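1. coords please:
(2 chains)
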Number of protein chains: 2
Amino acid sequence: MDDHHSPSATSTLSELQSGALSVTDYTTRLLDRINKREPQIHAWAYLNNDAALSEAAIIDGVPTFNAPILTSQDATAVRLLREAGALIIGKTTTTQFASTTTGGPTVNPHSPPGKAHTPGGSSSGSAAAVADGHVPLALGTQTGGSIVRPASFCGVYGYKPTWGMVSTEGMARYSTTCDTVGFFARSVEDLELVASVFQPLAAIMGSASSPREVFPPGSGTKVALLKTHVWTDLDNSTPNLERAWLETRDRLIRAGYEPVEVSLPSEFAAMTTYHANILAHEAVAQFWTFYTNPEHRKHLDRVIVDGVEKGLQLSRSPETMREAYDGVTKLRTLWDEWAKVWDVIVTPSTRDCAPRGLEWTGDACFNAMWTALGAPCVACRGWWVGGEGG
Amino acid sequence: MDDHHSPSATSTLSELQSGALSVTDYTTRLLDRINKREPQIHAWAYLNNDAALSEAAIIDGVPTFNAPILTSQDATAVRLLREAGALIIGKTTTTQFASTTTGGPTVNPHSPPGKAHTPGGSSSGSAAAVADGHVPLALGTQTGGSIVRPASFCGVYGYKPTWGMVSTEGMARYSTTCDTVGFFARSVEDLELVASVFQPLAAIMGSASSPREVFPPGSGTKVALLKTHVWTDLDNSTPNLERAWLETRDRLIRAGYEPVEVSLPSEFAAMTTYHANILAHEAVAQFWTFYTNPEHRKHLDRVIVDGVEKGLQLSRSPETMREAYDGVTKLRTLWDEWAKVWDVIVTPSTRDCAPRGLEWTGDACFNAMWTALGAPCVACRGWWVGGEGG
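-> Modelled structure (predicted):
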């Protein structure tokens, strides 16, 4: 499907700044791509060509009338992007409330004809739209594995920053403890570009122009390879995962790094349970009206209903919840201590490539721990490990 | 000013349920009180009599047309209240973005004529409206001391639940780590009533009908009196605080309790700095557009501008921020261990009664630690310790 060669946001920005390209012309190109592909991909929950062109005209400084832009409704992250000059072209799809693993209409752009594979979720449309060249950059949120997993399945870069770095104001809520705003792009440069809009990310990154300059091979850069307890616990064979892991190690070595296989203290194995309990507990406050209102409830995904019911049980067991919250906070501190020895820590994004079918967005088992820890993650585009969807 | 005898929400609910009172009649009474008092108190940021009466008519089951109710815009907490049958009568005042100690127009209802005192902040209008009998219940948010302090200054009960118990979705953001939704009322029963709408608070409280039944005097109920490091650090004399403290101890003893003066481990003294650093750091992400846009910035409160600038400095010092976040998480765990020995822990709500004037909403020094710890707090209405505003 790599028949398109959509330019990066970084290179487009240069063209726009030099005057070689207008925002309107660029928008027209994006809309051409989207309108050609959207009937197959279903990445967009809201897209209005005229509205997108009106936004483009405004950025170009061309007067428009009745531009249907409701900036007062923007989430803070979207407002920051607009103020930085970003063209907001539409709203991509998510699973219900970005809170379930039940798939929506979006198709993985890498699917062979007639054999739809999930793009992952919950930020399904963002990953697919970036992978398919509709847009160079998209926002997403991760509460379990909703950025890293779809980025991995769709073969793009996904960046889940440190928890709290990007405001969640104005966005739908699932779990205050874990909800994290992040980004999708087709290159590291483009991730850096979008992150530069968000303080204090920009302040943190201010001193470094590129990760490759910060962590050059062969000069003492310390790279860890970390399988985590999740891999140990996997009950099925994972040939694609094994291949990807060995290939990663070999590529790092060929690039001049000296990766070291390491393991975490055994306490981290409890993170899977802590994370699941915190999500269920916090889902109760979030979905209570929908759960209790029969009219709304019949539209509520089974995964959410089950989560609320589990959360209600947990609310009657304060010890379990205290153990989860205190456990996570202890492990965050332990993680900071453990991780500071390493410059780069490499760990799996997903257990396999994208599952066949659209019903299920896949397993977030490798992502949950990092979300609960609030640790920054970048899903790196590696190579295609195959599988029938490869 | 106690010339009004506004009924509690609990007793009004009985009247409504028995059919002795309609919501419309009750709303008319509230509006009479509000319209009489609002010219002095300035508690309301938005109030529309016709809209309030339309809402009342809907709850009464009377058909209305063009009722100006924008439920799709409701914060999750407001939506939960509406679904439970609550009458939402308007929007009370806050300080700017509920994020500064610079006072707004709201006057403490206990102020003597011509000598305005602050109602406290940032939830200024909620505390004043409840204290002045405009409404029996109000929502507020606390990031520093924005529920407990105004409740205390206005002589009402304030309840800041455990962090995360009530969704912040749809509300203005300041600090994800500390923002907490809570309630104002004129009685403990009314706090219990409003909390019963919010799961999992309701689930936690389900087994107990009243705190007095859970913690009866003379049967081993363990009551701690905790001054905290904040008191030790106070540089000015605090005669009102001393009097209130001794009076509290005496009243507890007279009621049959055996309060014990205790102190916290010395590590807790760092909470003041941790809390301030976390707020400044998280304010950057929140206020960045306003800070960087000259048009918006000139309206931005100096306290917010200073916070963003401090936060920017801190973003360049990851060690300091890691120390703050890890320090708070360690102390949360330590707090859980320390606190579980006690049934009730009594600690000051404020360092003094409400300051004279409206310029400054007062000092949150006694509140910040509990907000950062996420610990539940109830500001109890005690008695009037005097001072010129008393």
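
2. So which residue is dead centre in chain A?
-> Among the residues of chain A, the one closest to the centroid is A:Ile147, at 1.5 Å (CA atoms, centre = their mean).

3. That one reaches A:Tyr159, doesn't it?
-> Yes. A:Ile147 is within contact range of A:Tyr159, at 7.3 Å (criterion: CB atoms under 8 Å). The way it works is simple: take the backbone N, C-alpha and C, and place the C-beta from them, glycine included.

4. on that earlier part again, distance of the residue nearest to the centre of chain A from chain B?
-> Remark: distance between A:Ile147 and chain B (CB to the nearest CB, to the nearest Å) = 17 Å.

5. for the stretch 201-350 of chain A, what spans make up the helices?
-> A:201-205, A:211-214, A:228-233, A:239-254, A:271-292, A:294-297, A:302-315, A:318-339 (DSSP state H, counting those that start in this stretch).

6. what's the closest of these to A:Val346?
-> Of all the helices of the stretch 201-350 of chain A, it is helix A:239-254 that lies closest to A:Val346, at 6.2 Å by CB to CB.

7. residues from the stretch 51-200 of chain A in reach of chain B?
-> With CB under 8 Å from any CB of the partner chain as the criterion, the stretch 51-200 of chain A meets chain B at residues A:76, A:79-80, A:83, A:163-173, A:176-177, A:198-200.

8. let's see it at 10 Å
-> A:73-74, A:76-77, A:79-84, A:161-177, A:179-181, A:197-200 (CB under 10 Å from any CB of the partner chain).

9. Any of those buried? List them.
-> The neighbour-count test (16 or more other CB atoms under 10 Å in any protein chain shown) marks A:74, A:76-77, A:79-83, A:161-177, A:179-181, A:197-200 as buried among these.

10. Return the helix or strand in chain A with minimum mean pLDDT.
-> helix A:201-205 (a mean of 57; mean pLDDT, DSSP states H and E).

11. before we move on, the earlier item: need the residues touching each of A:Ile147 and A:Tyr159.
-> Taking CB atoms under 10 Å, 6 or more residues apart in numbering or on different chains as the criterion, A:Ile147 and A:Tyr159 both touch A:Gly140, A:Gly182, A:Phe183, A:Phe184, A:Cys377, A:Val378, A:Ala379.

12. What backbone torsions are found at the second one?
-> What that stands for is A:Gly182. phi -150, psi -160 (degrees, to the nearest 10).

13. List the residues that contact A:Cys154.
-> A:43, A:106, A:108-110, A:117-120, A:124, A:126-132, A:184, A:354, A:379, A:381.

14. Got a quick PyMOL command for the buried subset of those?
-> The buried subset of the contacts of A:Cys154, as determined by 16+ other CB under 10 Å, is captured in PyMOL by this line:
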select buried, chain A and resi 43+106+108+109+110+117+118+119+120+124+126+127+128+129+130+131+132+184+354+379+381
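
15. returning to that earlier point: give me whichever of the helices of the stretch 201-350 of chain A is most buried.
-> A comparison of the helices of the stretch 201-350 of chain A by mean neighbour count, using mean count of other CB atoms under 10 Å in any protein chain shown, puts helix A:271-292 on top with a mean of 23.

16. Next one, pLDDT for the residue of the stretch 1-150 of chain A found nearest chain B please.
-> In the stretch 1-150 of chain A, no residue comes nearer to chain B than A:Glu83, which is 4.8 Å away by CB to the nearest CB. In this model, A:Glu83 is scored at 85, pLDDT.

17. List the single closest residue to it in space, sequence neighbours excluded.
-> B:Thr289 (4.8 Å; CB to CB, 6 or more residues apart in numbering or on different chains).

18. returning to what we had before: comparing the helices of the stretch 201-350 of chain A by mean pLDDT, which bottoms out?
-> helix A:201-205 (a mean of 57).

19. related to what we said a few turns ago, among the residues of the stretch 51-200 of chain A next to chain B, which are located in strands?
-> Of the positions in those, A:Thr180, A:Val181 sit in strands, assigned by DSSP state E.

20. for stretch A:8-19, the distance to its chain's centre please.
-> 24 Å (CA atoms, centre = their mean, to the nearest Å).

21. outside of that stretch, which residues touch it?
-> With contacts defined as CB under 10 Å, 6+ apart, stretch A:8-19 is touched by A:6-7, A:20-23, A:25-26, A:29-30, A:59-60, A:85-87, A:135-137, A:185-194.

22. can you rerun that using 8 Å?
-> Here stretch A:8-19 makes contact (CB atoms under 8 Å, 6 or more residues apart in numbering or on different chains) with A:7, A:21-23, A:26, A:136-137, A:185-187, A:189-190, A:193-194.

23. what do you get for stretch A:264-271?
-> A:226, A:228-229, A:233, A:327-328, A:330-331, A:334-335, A:338, A:368-369, A:372-373.

24. again, only this time at 7 Å
-> For stretch A:264-271, the surrounding residues in contact (CB atoms under 7 Å, 6 or more residues apart in numbering or on different chains) are A:Leu226, A:Thr228, A:His229, A:Gly327, A:Leu331, A:Leu334, A:Trp338, A:Ala368, A:Met369, A:Ala372.

25. same check, this time on stretch A:97-113
-> With CB under 7 Å, 6+ apart as the test, stretch A:97-113 has contacts from A:1, A:40-43, A:93, A:95-96, A:116-119, A:121-125, A:128, A:131-132, A:141, A:143, A:146, A:153-155, A:172, A:174, A:301, A:303-304, A:354, A:358-361, A:389.

26. Buried ones in that stretch, by neighbour count?
-> A:97-104, A:106-111.

27. dump the residue contacts of the closest residue to A:Thr94 other than its chain neighbours.
-> Closest residue in space to A:Thr94, ignoring its immediate chain neighbours: A:Ser122 at 4.8 Å, by CB to CB, 6+ apart. Neighbouring residues of A:Ser122 by CB under 7 Å, 6+ apart: A:Thr94, A:Thr95, A:Ala98, A:Ser99, A:Ser146, A:Thr361.
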